[in-house]
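[1] Sequence and predicted structure, then a few things I'm wondering about:
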Amino acid sequence: MFTSNPFAALSASIPTAYMQGYIVVMFLLVMGGTILDMLHKKSAQYFFANAKKAQKSAKRSVGGGEKVAIATSVLVKEVLTSGEFDNPRRRLSHLLTMWGTIIFIMTTAIMIFCYPTPATPTPTLLPQLWHIGALMLAVGGYWFWFAIRVDVAAEGLSWFRLERADLFILSLLATSTFALAWSFTGGGLTVFFALFILSSTVLFGGVYWSKFAHMFFKPAAAYQKKVIMADGGRENLPPDYDLTDPEVQRKFPDIPTYMGKNPPNMGLCIKAERANHY
Ligand code: HEM
């Protein structure tokens, strides 16, 4: 079961062209949903206006080579390794969810387009990766849903409280769960297959209403944030002062009065304790 392509077996009941057409329609829905989301929230407009405004506070200009280095670091840190998450549990859960989704979607598309029928035998690695991707997504996603979500982990609300923003994670979970259930019960035209298609249609068709498009917006935001730090603009935030530095103490003479000559570095207050005030 782990080694056979469930879509090739399905080609006896559903014409290959329908399956391929479905993938194309889902791809178009994601593109359309993302564009509508951008128009509705005016996020692109805000993004460029904000970048222009930030440029006014720049202390130096960031060259082309430096911009390439920043883009590379965003790709390696924020995109590929979920480096924006400081909390290791959230990071690991996001890595499982993200890579699980990518592996699951890529192998689905490859199996449906390149190995659509038993006449073109599927390399066993593909269905294996398809199952592994769905499992990674399910493990990372259920972990997030039951234990990591802010509502549940920090605010103590019950895990079954639903909001529209949960459409993304829930449709991801439903898609992976029903895909696995469909495969484990032998594939074919079954109730699990219908639920798998229903949940994946909600996942890809619901981009406009869900958090799906964050995977495109977050890298742009991370890049912009790093450029602002590199050009010294810092969104007009004060620099990170070292309070023990005599130069800083000369600039702010009341520091020794309140904190002594050698003020301790107390770190970020947000990290002082776990957020669980409910
Ligand atoms: C296949 C790709 C991805 C999947 C499946 C995915 C999945 C998720 C999920 C399920 C959440 C929790 C959302 C919720 O609160 O309901 C999340 C949050 C987050 N993701 Fe992703 N993600 C993907 C790609 C990315 C990429 C490329 C980035 C950054 C470059 C990113 C950055 C974030 C951040 C910073 C959060 C937390 C902030 C927030 O909830 O808005 N994700 N992601």
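    Received the coordinates, thanks.

[2] From now on I want contacts and neighbour counts done on CA atoms only, so please keep to that.
    OK.

[3] tell me the centre residue of the protein?
    Met215 (4.8 Å; C-alpha atoms, centre = their mean).

[4] sec struct for that residue, please.
    Secondary structure state of Met215, per DSSP: H, G, I helix; E, B strand; the rest coil, is helix.

[5] how much space between Gly32 and the ligand?
    From Gly32 across to the ligand, the span is 17 Å (C-alpha to the nearest ligand atom, to the nearest Å).

[6] residue contacts, that residue?
    Residues near Gly32 by C-alpha atoms under 8 Å, 6 or more residues apart in numbering: none.

[7] Contacts for stretch 189-207, please.
    Identification of contacts with stretch 189-207 by C-alpha under 8 Å, 6+ apart yields 10, 13, 26-27, 29-30, 33-34, 37, 167-168, 171-172, 174-179, 181-182, 187, 212-213.

[8] does it come close to the ligand?
    No - Stretch 189-207 stays clear of the ligand (C-alpha under 6 Å from any ligand atom), getting no nearer than 10.4 Å.

[9] still on that earlier bit, which among the contacts of stretch 189-207 end up buried?
    By neighbour count, with 16 or more other C-alpha atoms under 10 Å, the contacts of stretch 189-207 hold 10, 26, 29-30, 33-34, 37, 167-168, 171-172, 174-179, 181-182, 187, 212-213 as buried.

[10] Next to the ligand, which bits of the stretch 1-150 of the chain? Give me the list.
    When proximity is defined as C-alpha under 6 Å from any ligand atom, the stretch 1-150 of the chain approaches the ligand at 78-79, 84, 94, 97-98, 101-102.

[11] From those, which land in strands?
    Within these, no residue falls in strands by DSSP state E.

[12] Just the buried residues out of the residues you listed, in PyMOL syntax.
    A single PyMOL command is used to select the members of those judged buried by 16+ other C-alpha under 10 Å:
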select buried, resi 78+79+94+97+98+101+102
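
[13] Looking at the residues of the stretch 1-150 of the chain next to the ligand, which one is closest to His131?
    Taking C-alpha to C-alpha as the measure, His131 lies nearest Thr101 of those, at 10.9 Å.

[14] which residues of this structure score low on pLDDT?
    Along the chain, the model assigns pLDDT under 70 to residues 1, 276-278.

[15] which stretches of it form helices?
    Using DSSP state H, the helices of the chain run over 6-10, 16-41, 43-56, 64-73, 88-114, 125-143, 150-153, 167-184, 191-205, 214-230, 246-251, 254-259.

[16] and the angle from the fourth one to helix 214-230?
    Per axes from the mean of the first three to the mean of the last three C-alpha atoms, to 10 degrees, the angle that helix 64-73 makes with helix 214-230 is 140 degrees.

[17] circling back: just put the helices of the chain in TSV and tack on distance to Asn265.
    Listed next are the helices of the chain as TSV, based on distance: least, C-alpha to C-alpha, whole Å:
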stretch	distance to Asn265
helix 6-10	58
helix 16-41	40
helix 43-56	29
helix 64-73	28
helix 88-114	23
helix 125-143	35
helix 150-153	28
helix 167-184	39
helix 191-205	46
helix 214-230	22
helix 246-251	14
helix 254-259	11
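
[18] How far does stretch 132-143 sit from its chain's centre?
    Relative to its chain's centre, stretch 132-143 lies at 14 Å (C-alpha atoms, centre = their mean, to the nearest Å).

[19] May I have that stretch exported as CSV, CA atoms only?
    What follows is stretch 132-143, C-alpha atoms only, in CSV (Å, rounded to 0.1, in the frame of the first residue of the first chain):
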residue,chain,number,x,y,z
ILE,A,132,5.5,10.2,4.4
GLY,A,133,4.4,13.8,3.3
ALA,A,134,0.8,13.2,4.4
LEU,A,135,2.0,11.8,7.7
MET,A,136,4.4,14.7,8.4
LEU,A,137,1.6,17.1,7.6
ALA,A,138,-0.8,15.3,9.9
VAL,A,139,1.7,15.0,12.8
GLY,A,140,2.8,18.7,12.6
GLY,A,141,-0.7,19.9,12.0
TYR,A,142,-2.4,17.9,14.9
TRP,A,143,0.4,18.9,17.2
